[in-house]
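*Asks:* The following comprises the amino acid sequence and a computationally predicted model.
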Amino acid sequence: MKLRFPHIFLFLVVLSFASFRDFTEPKAVKVLQQMNDSIKAIKTLRVSISALERVEKTFHTANSEIKLQTHPRRLYFKNSTKKIEILFNTGKLNNKALVKPNSFPYMALQLDPTGNLMRKNQHYTIHELGYEFVGKSIALTISKDKEGLNNFKYFGKVQKSGYMCHLIEYENKNYGYVDYVVGEKETVSYIASKLVVNDYLIRYKNNLLNDYGYVKKGKVLKVPNLFCKKATLYIDEQLLLPIAVSLSDDMGVFENYEFSKVQVNSPIKEEEFSKDYKDYKF
């Protein structure tokens, strides 16, 4: 699981002036403001993540645990089912990740987090693990949608995975695809950032799921006109952080993430971001 989101500032500006506009759902605006503040306040995070991602016409599932320090970014990732471990420390190993795979050669490898091996069949890179991608996804949705915050609706408080949550939904029925002519030395990720749309959806629509290099200049791509068609968020009323996030396009849900065992700003020892830590298998 996301570096390529220069429009987060626009989201903050829109929210800052929300109270001066006649939004139809002021409660949704207030909760989104509070969620954004909570995400920005995270210094360390321990969390379990259950992911469901559509890859072509099937769904891939994964259950993982992460330890995260936001500044400087340091990450430990573990998928116990697949017996995969990842360690990343900004500025170390030439900013590559140390990866312990569950297949040959069964030894730790230094891999580029944005390269083909680590991104294969993944919607996001390890740089998006955590909560920042949620805030950024909403920021992108708002900045791309002319109606912006008016398309967010508040449905009150509901129980979700043992948490009492605010339920907020976003939907824009004008979602669709338009043509884009590829320029000189453009990758799908660059195009997604430039157009403020979802990277995965461009890849899926144009059969480029595992192509992370330059796209041929002059090639015509079908790109979405919005970041997503629909989004559903369950935001814990105490933590004011998402417990579940679901994004949909014209075909239905294309990614769903659920968060549990959330611990925010509890100390993480220095050695827990080292490959030699006693609980790791690097």
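*Replies:* That came through fine.
*Asks:* my guess is residue 53 contacts residue 59, does it?
*Replies:* Yes: look at residue 53 against residue 59 with C-beta atoms under 8 Å: they come within range, at 6.8 Å. No exception for glycine: its C-beta is placed from N, CA and C like everyone else's.
*Asks:* Tell me which of the two has more neighbours.
*Replies:* Set residue 53 next to residue 59 and count neighbours by other C-beta atoms under 10 Å: residue 53 wins out with 20 against 14.
*Asks:* Just list the residues touching that one, thanks.
*Replies:* 59-60, 62, 122-123, 200, 254-256 (C-beta atoms under 8 Å, 6 or more residues apart in numbering).
*Asks:* try 10 Å
*Replies:* 1, 59-62, 121-124, 200, 253-257 (C-beta atoms under 10 Å, 6 or more residues apart in numbering).
*Asks:* tell me the SS of it?
*Replies:* Here residue 53 is strand, with the state taken from DSSP: H, G, I helix; E, B strand; the rest coil.
*Asks:* What does the pLDDT read for it?
*Replies:* Here, the pLDDT recorded for residue 53 equals 95.
*Asks:* What of residue 193?
*Replies:* On the pLDDT scale, residue 193 gets 86.
*Asks:* Pretty sure it sits against residue 144.
*Replies:* No: assessed by C-beta atoms under 10 Å, residue 193 is found out of contact with residue 144, at 11.8 Å.
*Asks:* Tell me the gap between stretch 79-99 and the middle of its chain.
*Replies:* Stretch 79-99 sits 18 Å away from the centroid of its parent chain (C-alpha atoms, centre = their mean, to the nearest Å).
*Asks:* switch to numbering from 30
*Replies:* All set: I'll call the first residue 30, so the last point we hit is now stretch 108-128.
*Asks:* So which bits of that stretch are buried?
*Replies:* 108, 113-118, 125-128 (16 or more other C-beta atoms under 10 Å).
*Asks:* Give me the neighbour count for residue 94.
*Replies:* Residues near residue 94, counting by other C-beta under 10 Å: 15.
*Asks:* intersection of neighbour lists for residue 82 and residue 88?
*Replies:* Contacts common to residue 82 and residue 88, judged by C-beta under 10 Å, 6+ apart, are 282-285.
*Asks:* just checking, what packs against the longest helix seen in the chain?
*Replies:* Across the chain, the longest stretch assigned as helix under DSSP state H is helix 55-69. Secondary-structure packing of helix 55-69 (3 or more C-beta pairs under 10 Å, 6 or more residues apart in numbering; DSSP states H and E): helix 37-45, helix 161-173, strand 181-189, strand 192-200, strand 259-265, strand 271-278.
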